[in-house]
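# sequence first, predicted model second:
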Amino acid sequence: MALRLSEPDLIDDIDVTVLDPSVLQDLKVLSKDNADRVAKHMIMASDLLADDPQLALQHARAAKNRAGRVSVVRETNGVVAYHAGEWKEALSELRAARRMSGGPGLLAVMADAERGLGRPEKALELGRTPEVNELDEEGRIELAIVLAGARHDLGQHESALITLERMNPSLDSQGFSQMRLSYAYADALLSVGRKDEAKTWFKHAADLDVEALTDADERLEELG
């Protein structure tokens, strides 16, 4: 009861139907009133994440405290904790979600949380687990980017480059994940002194980055 009294306030007129139908289905194991509150806290967590990750985390925790046995709620808490820089909490929640739902879970987020804790070796261990084979293409790319980052953390820049090359980056590629892969590949090329190639890939990343989510344009300008 004390946990519920400390919950952050919910705004009026939250439409829970904006949640994915599969999430709403998972929440049906709860009482109707509780499911409604959990859904609203999850929506608030998502809406606040970019501007106020700490308040978003309060909402995610409130949802978790009400529905700790629902895997998607634990996963949401883990993702929001990750964005708020609460690495230990993120790992704990994402592990719990994976135990509940099976499958690979959010391996890339978990590995990056290990990096956040200063444990790049642990991140690399996650990249060797059997669950990697269950990831879709986007998941494999995201994990490769994180694992390359872990190699950079360890000063293993050539290994970082090899990790990304296994994803077969292409200058004909399209889409968000390919934009991120191209950017990471450009950065890895630069780390081993291959400046001209890095410029080509930063240019490709910039071309794909129509929403200016990265600093690919700025990196390209710096390289001249």
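Thanks, I have the structure now.
# domain-wise, how is the protein divided?
Listed by automatic domain parsing, the domain ranges of the chain are 1-102, 105-163, 169-224.
# what about the second one, average pLDDT?
What that stands for is domain 105-163. For domain 105-163, mean pLDDT is 97.
# and that domain, how far apart are its ends?
Using CA to CA, to the nearest Å, the gap from the first to the last residue of domain 105-163 comes to 21 Å.
# try the last one
Taking CA to CA, the first and last residues of domain 169-224 lie 23 Å apart.
# any idea how far it is from the chain center?
Distance of domain 169-224 from the chain centroid (CA atoms, centre = their mean, to the nearest Å) equals 20 Å.
# okay, the domains of the chain in CSV with mean neighbour count next?
In this view, the C-beta of every residue, glycine as well, is placed from N, C-alpha and C. As requested, the domains of the chain are arranged in CSV below (neighbours: other CB atoms under 10 Å):
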stretch, mean neighbour count
domain 1-102, 17
domain 105-163, 19
domain 169-224, 18
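# all strands for this structure, in order.
Remark: strands of the chain are absent; assignment by DSSP state E.
# ranges for the helices of it?
Taking DSSP state H as the test, the helices found in the chain are 2-5, 21-26, 32-48, 53-66, 71-83, 87-101, 107-116, 120-126, 137-153, 157-165, 176-191, 195-208, 216-223.
# which stretches of this structure have low pLDDT?
Residues of the chain meeting the criterion pLDDT under 70: 1-5.
# now the residue nearest the centre of it. Nearest residue, chain neighbours left out?
Residue closest to the mean C-alpha point of the chain, counted by CA atoms, centre = their mean, is Val109 at 4.5 Å. Counting by CB to CB, 6 or more residues apart in numbering, Tyr82 is the residue found nearest to Val109 once chain neighbours are left out, at 5.4 Å.
# what sits against that neighbour?
Contact partners of Tyr82, counting by CB atoms under 8 Å, 6 or more residues apart in numbering, are 90, 94, 109, 112-113, 116.
# repeat that for 7 Å
Going by CB atoms under 7 Å, 6 or more residues apart in numbering, Tyr82 touches 90, 109, 113.
# do you know how far it is from Val146?
According to CB to CB, to the nearest Å, Tyr82 stands 12 Å off from Val146.
# same thing with Tyr183?
To Val146, Tyr183 is 13 Å away according to CB to CB.
# what does Gly155 give?
Using CB to CB, Gly155 is found at 17 Å from Val146.
# cool, and Glu134?
Here the criterion is CB to CB. By it, Glu134 lies 17 Å from Val146.
# before we move on, what about Glu197?
Between Glu197 and Val146 the computed distance is 22 Å (CB to CB).
# hang on, isn't Ile43 packed against Val18?
Yes. Taking CB atoms under 7 Å as the definition, Ile43 is a contact partner of Val18 at 6.4 Å.
# pretty sure Ser159 sits against His152.
No. Ser159 lies out of contact with His152 (CB under 7 Å); the separation is 9.0 Å.
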